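Participant: could you look at this predicted model? Sequence included:
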Amino acid sequence: MNYFKDKTILLTGASGGLGAQFATQLMELGGKLILSDIKLEALDRFKPNAAKGQVLGMIAADISHKEGTEKFLADVKKISPCPDIIINNAGIAQAGNFGDVPLDRWEKLMNINLISPMRICHYFLPDMQTRGSGHIVNVSSVAGIVPLPGGAPYTASKHGLKGFSDAIREEYYKYGITVSSVHPFFTRTAILQSERFGINIDVDAYPQFLIENPENVVTETVKAIANKTDFILPGPTAKVIDLARRLSPRLVGLFSRDLLK
Ligand SMILES: NC(=O)c1ccc[n+]([C@@H]2O[C@H](COP(=O)([O-])OP(=O)(O)OC[C@H]3O[C@@H](n4cnc5c(N)ncnc54)[C@H](O)[C@@H]3O)[C@@H](O)[C@H]2O)c1
């Protein structure tokens, strides 16, 4: 039996590079999606899927603050009392030395990348516990296992999401709840053009074979979710970096020094 068939799947950041791939691939596998993003128009491409019953609802939600996330959760509840699978995928990035990033910008990043996913889990975990099943997928990053100098708030948010995932996994395993964290390397999506503060990174100047393709990243991730994998490293570079940091964390730190400049 296909793991996703007829499961209710809540997905944030559904119009983005990885999000649209998650939506498309999970619908093809029989999932019933609740899609959300900051702008409803960005989800228009999925209207035909709604007509076919593959999309249960589309929600506009700004999860960069408490009120937006609370409204989002209330809207989800109207569609499904408790989704079977929650994919916390929405995220933003910034490039800049920490002192150069305005406080309101990095606070916003922490809200979207870490606090809101925690709020979403906090809201649904008790219902998942009562039901005795559920799967939470938190999209972290390679920056959730190694530092990304020039992206300190991003690193903090993604390490936080990894640590949070590890903790709730052990708290809730006895209630039939699975928790996966996902750690992609640089992938060709809009996030690579994020805000810059005093740093002019040009990802196009990097060896292009290293930059992952969103479709491949999501295909590998979806298979790993179906296998209830805890720690997902899609793509070859993520796996090499994970091995390197296990062998010598300090060496990985030194290598990463001039990655963003
Ligand atoms: N692309 C990469 O290189 C890469 C690498 C590792 C991890 N990731 C992670 O993958 C996830 C998806 O990113 P992506 O690469 O598809 O980038 P993306 O920019 O294409 O998509 C991000 C999505 O998040 C949504 N979003 C942003 N702010 C929001 C807000 N305030 N409220 C609601 N939604 C909001 C955007 O509208 C967008 O749809 C992110 O969590 C990102 O950190 C990406």
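Facilitator: Arrived safely, thanks for sending.

Participant: buried set for the helix or strand of the chain with the lowest mean pLDDT?
Facilitator: Taking mean pLDDT, DSSP states H and E as the measure, the chain has helix 249-256 as its least confident helix or strand, at a mean of 85. The neighbour-count check on helix 249-256 (16 or more other C-beta atoms under 10 Å) flags 252, 256 as buried. Where you see a C-beta, it was placed from the backbone N, CA and C, and this is true even at glycine.

Participant: need the pLDDT of Y173.
Facilitator: Here the pLDDT value assigned to Y173 is 98.

Participant: how far away is it from M128?
Facilitator: 12 Å (C-beta to C-beta, to the nearest Å).

Participant: more neighbours: the two, which one.
Facilitator: Between Y173 and M128, counted using other C-beta atoms under 10 Å, the more crowded position is M128 (22 against 12).

Participant: I figured that one hits I177, correct?
Facilitator: Yes: with contacts counted by C-beta atoms under 8 Å, M128 reaches I177, the gap being 5.3 Å.

Participant: so what sits against both of the two?
Facilitator: Common contact partners of M128 and I177 (C-beta atoms under 8 Å, 6 or more residues apart in numbering): G134.

Participant: just to revisit the earlier point, summarise which helices and strands the least confident helix or strand of the chain is packed against.
Facilitator: Judged by 3 or more C-beta pairs under 8 Å, 6 or more residues apart in numbering; DSSP states H and E, helix 249-256 is in contact with helix 236-247.

Participant: for the helix it packs on, give the mean pLDDT please.
Facilitator: Here the average pLDDT along helix 236-247 is 96.

Participant: is that helix positioned near the ligand?
Facilitator: No: using C-beta under 6 Å from any ligand atom, helix 236-247 stays clear of the ligand, coming no nearer than 8.5 Å.

Participant: helix/strand/coil for the residue in the stretch 51-200 of the chain positioned nearest to the ligand?
Facilitator: The ligand sits closest to G91 of the stretch 51-200 of the chain, with a gap of 2.3 Å, by C-beta to the nearest ligand atom. Counting by DSSP: H, G, I helix; E, B strand; the rest coil, the backbone at G91 sits in coil.

Participant: let me know the pLDDT of it.
Facilitator: 98.

Participant: what count of nearby residues applies to it?
Facilitator: 26.

Participant: ok, it touching N111?
Facilitator: No: using C-beta under 8 Å, G91 and N111 do not qualify as a contacting pair, with a distance of 11.0 Å.

Participant: spell out which parts of the stretch 1-150 of the chain neighbour the ligand.
Facilitator: Counting by C-beta under 6 Å from any ligand atom, the stretch 1-150 of the chain sits next to the ligand at 12-13, 15-19, 37-38, 61-64, 89-92, 112, 139, 141.

Participant: for the stretch 151-261 of the chain, which segments count as strands?
Facilitator: Remark: strands assigned in the stretch 151-261 of the chain by DSSP state E, counting those that start in this stretch are 177-182, 195-197, 231-232.

Participant: need the winner for burial among those strands.
Facilitator: Across these, the average number of neighbours (mean count of other C-beta atoms under 10 Å) peaks for strand 177-182, which reaches a mean of 24.
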